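Trainee: Task: produce atomic coordinates for the following.
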Amino acid sequence: MLHATAPDGARIGFDTAGAGEPLVLLAGQANSRHWWDWIRADFSASYTTIAIDCLGTGTSDSPSHAEWGTRRFARDVMAVLDELGVGRAHVYGTSMGGRVAQWVAADHPDRVGALVLGCTTGGGAGAVPADPDALRPLSVAGTAGEALIALMVGPQWRWGHPGPLPVLGDDGMTERARREHRRASARHDAWDALPGIVAPTLVLHGTDDELSPAENGSRLAARIPGAQLYLIEGARHAYFLERREQASAAVLRFLAAHPLTRF
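Mentor: Numbers count the residues shown, from 1 in each chain. Okay, the predicted model is just below:
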């Protein structure tokens, strides 16, 4: 396990796997790098994957004095790339990781090759909120875990994949860190910055995503110049698990079409 040091002194954990052009992997809210465990091999076969523990998760620090927010988390990504001596990398972020990835591309355009944004939103004026009825079961004691699973994946896929899923949160987080992640995700607003993103961008979204309605993907793709939209029919929030073969193939095709050597 490796660590980089953020400007405020916080240690940011990460690891690398594979060989080839660097590809940063950014996980969803309140999840560590293990969010990617089930599909990481799809990318490590062709790329040097860099999976990062966002502040407060995994082996990263959870300091009480820290600034928390998606834009700050993007600066932590820069600290990791600097630690590795990586000048430019592709970036793939899903859910809150997609929010972070937007700031990486907007604030550090010279450091990003291709950008992939999954099941996420630009926030601000362009965000489409989830239906409160879809989220209500998450607050019911005793059923919240199953409710979250149902938002992530459909029952047929779940039946064929019993056992713990890697996208249900980091059990090692403090309650304060969980609150900060919720606030960071909810307050994300890169809407005005999106038109300035110059990286080739692919936006993926499941059509049956109730946690982040699919309209968010459409609006995000329309807001970023030249972005491509790839909707995955019938998939929920964790489209990359439910439709692994389809989704990973789409990302790999996009990355192959935009090698770092072209920039």
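
Trainee: Can you tell me the closest non-neighbouring residue to residue 37?
Mentor: residue 166 (4.8 Å; C-beta to C-beta, 6 or more residues apart in numbering). Placement of C-beta: from N, CA and C, glycine included.

Trainee: Check residue 102 too.
Mentor: Closest to residue 102 by C-beta to C-beta, 6+ apart is residue 190, at 4.4 Å.

Trainee: close enough to count as contact, that neighbour and residue 121?
Mentor: No: using C-beta atoms under 8 Å, residue 190 makes no contact with residue 121, being 9.2 Å away.

Trainee: Residues that sit against both of the two, list them.
Mentor: residue 99 (C-beta atoms under 8 Å, 6 or more residues apart in numbering).

Trainee: sorry, back to before: identify the residues contacting the residue nearest to residue 37.
Mentor: Per C-beta under 8 Å, 6+ apart, neighbours of residue 166: 31, 34, 35, 36, 37, 38.

Trainee: ok, so what distance separates it from residue 153?
Mentor: Distance, residue 166 to residue 153, using C-beta to C-beta, to the nearest Å: 11 Å.

Trainee: Could you do residue 97 as well?
Mentor: Residue 97 is 18 Å from residue 153, by C-beta to C-beta.

Trainee: same thing with residue 1?
Mentor: Taking C-beta to C-beta, one finds residue 1 at 28 Å from residue 153.

Trainee: neighbour count winner among the two?
Mentor: Neighbour comparison, residue 1 and residue 153: the larger count goes to residue 153, with 21 against 9 (by other C-beta atoms under 10 Å).

Trainee: my read is residue 205 is in a strand, agree?
Mentor: Yes: under DSSP: H, G, I helix; E, B strand; the rest coil, residue 205 falls within a strand.

Trainee: For it, which non-adjacent residue is spatially closest?
Mentor: residue 217 (3.0 Å).

Trainee: now the strand or helix carrying that neighbour, how far from the centre of its chain.
Mentor: Under the criterion of DSSP states H and E, residue 217 resides in helix 215-223. In terms of C-alpha atoms, centre = their mean, to the nearest Å, the centre of helix 215-223 is found 16 Å from the chain centre.

Trainee: Give me the next element, helix or strand, following it.
Mentor: Heading C-terminal from helix 215-223 (DSSP H and E), you reach strand 228-232.

Trainee: Check which residues of that following strand are buried.
Mentor: Of all the residues in strand 228-232, those buried under the rule 16 or more other C-beta atoms under 10 Å are 229, 230, 231, 232.

Trainee: same check, this time on stretch 189-209
Mentor: 189-191, 193-194, 197, 199-206, 208-209.

Trainee: For the residue nearest to residue 102, list the residues it contacts.
Mentor: Counting by C-beta under 8 Å, 6+ apart, residue 190 has contacts 70, 71, 99, 102, 103, 106, 122, 123, 124.

Trainee: how close does it get to residue 28?
Mentor: Distance of residue 190 to residue 28, given as C-beta to C-beta: 16 Å.

Trainee: rewinding a little: for residue 88, state which of the contacts of residue 166 is nearest.
Mentor: Distances from residue 88 to the contacts of residue 166, taken as C-beta to C-beta, are shortest for residue 36 (20.7 Å).

Trainee: correct me, but that closest one touches residue 25?
Mentor: Yes: using C-beta under 8 Å, residue 36 makes contact with residue 25 at a distance of 5.0 Å.

Trainee: list residues touching both of those two?
Mentor: Common neighbours of residue 36 and residue 25, using C-beta under 8 Å, 6+ apart, are 49, 51.
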